[in-house]
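> sequence first, predicted model second:
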Amino acid sequence: MININNAVQFQHLLWDRIMVEAKTVVDATCGNGYDLLYLAERAQPDCHLYGIDIQEQAIESSRALLETHDMTNRIMITFLHSSHDVAFKKDIKEASIDLIVFNLGYLPGGDHRIMTKSHHTIAAIEQALPKLAKDGIITIAVYPGTDEGLQEKEDLESYLCELNQKEYNNCHWKPINQINNPPELYMVQKR
């Protein structure tokens with residue numbers, strides 16, 4: 001049973017359904033690799049999984065975690081040490097991505113001064129949207145508990161509200177009876 005007040009766990013409900021048939025999946029902020037591992041464990045053998053992070057420490061942690069669980073021999077995994085906006089523009093060539101995952105903020109256990117920035121995240125989404133498959137999903141976990149995280153959430157929401165409703169279904173999930181501004185989740189589905 002998942003905790004429905006936890007954005008990261010809640011998005012697993014969507015991921016689980018998508019991973020049954022997904023051919024291309026991108027973790028745009030792979031961090032310590034736990035989301036990537038979750039996705040890899042559910043990926044079909046013909047799935048291509050990408051893990052992107054701007055910090056080399058995150059790429060190495062993710063790679064080690066997936067190797068420990070023998071995932072790198074089971075499915076194709078490509079690690080990209082890059083900003084997610086640059087990776088979607090230059091490195092990811094697939095034109096039909098089934099799932100894209102963003103877990104914003106900073107690297108747990110890392111330097112908290114290195115955080116995702118809304119202009120990079122929005123640029124990444126702009127680059128990713130044309131590559132999203134029909135019915136493909138983007139999930140974006142945001143962390144409004146810090147000033148920087150709140151600003152990123154507000155900027156992201158402003159951008160997402162402007163997407164054409166004839167092309168994309170957008171929604172926002174958040175806990176409504178929790179203290180300390182817990183993580184929230186945005187979802188975008190290509191129609």
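Structure received.

> show the subsequent helix or strand relative to the helix or strand containing residue 17.
According to DSSP states H and E, residue 17 maps onto helix 7-19. Once the chain leaves helix 7-19, the next helix or strand it forms, by DSSP H and E, is strand 24-27.

> other SSEs contacting that next one?
Other elements packing on strand 24-27 under the criterion 3 or more CB pairs under 8 Å, 6 or more residues apart in numbering; DSSP states H and E are helix 34-42, strand 48-53, strand 97-103. Just so you know, the C-beta spots here come from the backbone N, C-alpha and C atoms, and that holds for glycine as well.

> out of these, the one nearest residue 60 is which?
Ranking these by their distance to residue 60 (criterion: CB to CB) puts strand 48-53 first, at 9.6 Å.

> tell me the strands beside that closest one, with direction?
Sheet pairing for strand 48-53, assigned by DSSP bridges, gives strand 24-27 (parallel), strand 76-81 (parallel).

> chain center to that strand, what's the gap?
10 Å (CA atoms, centre = their mean, to the nearest Å).

> before we move on, what about stretch 118-135?
11 Å.

> buried sites along it?
Using 16 or more other CB atoms under 10 Å as the test for burial, stretch 118-135 gives 118, 120-125, 127-129, 131-133.

> redo these as CSV? Include pLDDT, distance to residue 19 and secondary structure.
Converted to CSV, these look like this (pLDDT from 0 to 100; distance: CB to CB, whole Å; DSSP: H, G, I helix; E, B strand; the rest coil):
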residue, pLDDT, distance to residue 19, secondary structure
118, 93, 28, helix
120, 96, 26, helix
121, 97, 23, helix
122, 97, 26, helix
123, 97, 26, helix
124, 97, 21, helix
125, 98, 21, helix
127, 96, 23, helix
128, 97, 18, helix
129, 97, 21, helix
131, 97, 18, helix
132, 97, 16, strand
133, 97, 13, strand
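
> so residue 116 touches residue 105, yeah?
Yes: with contact defined as CB atoms under 8 Å, residue 116 and residue 105 form a contacting pair (6.2 Å).

> quick one: which of the two has more around it?
Each of residue 116 and residue 105 has its neighbours counted (other CB atoms under 10 Å); residue 116 has more, 25 against 21.

> now that one: closest residue in space that isn't a chain neighbour?
residue 104 (4.4 Å; CB to CB, 6 or more residues apart in numbering).

> residues contacting the one you found?
29, 115-116, 121, 140-143, 149, 152 (CB atoms under 8 Å, 6 or more residues apart in numbering).

> lowest pLDDT pick from those?
Note: of those, the lowest pLDDT belongs to residue 115, at 88.

> how about it: what's its closest non-neighbour residue?
residue 106 is the one closest to residue 115 (CB to CB, 6+ apart), at 4.6 Å.

> need the helices and strands packed on strand 24-27 in JSON lines (columns: mean neighbour count, mean pLDDT and distance to residue 85).
Shown next, in JSON lines, are the helices and strands packed on strand 24-27 (neighbours: other CB atoms under 10 Å; pLDDT from 0 to 100; distance: least, CB to CB, whole Å):
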{"stretch": "helix 34-42", "mean neighbour count": "21", "mean pLDDT": "97", "distance to residue 85": "19"}
{"stretch": "strand 48-53", "mean neighbour count": "26", "mean pLDDT": "97", "distance to residue 85": "10"}
{"stretch": "strand 97-103", "mean neighbour count": "24", "mean pLDDT": "98", "distance to residue 85": "11"}
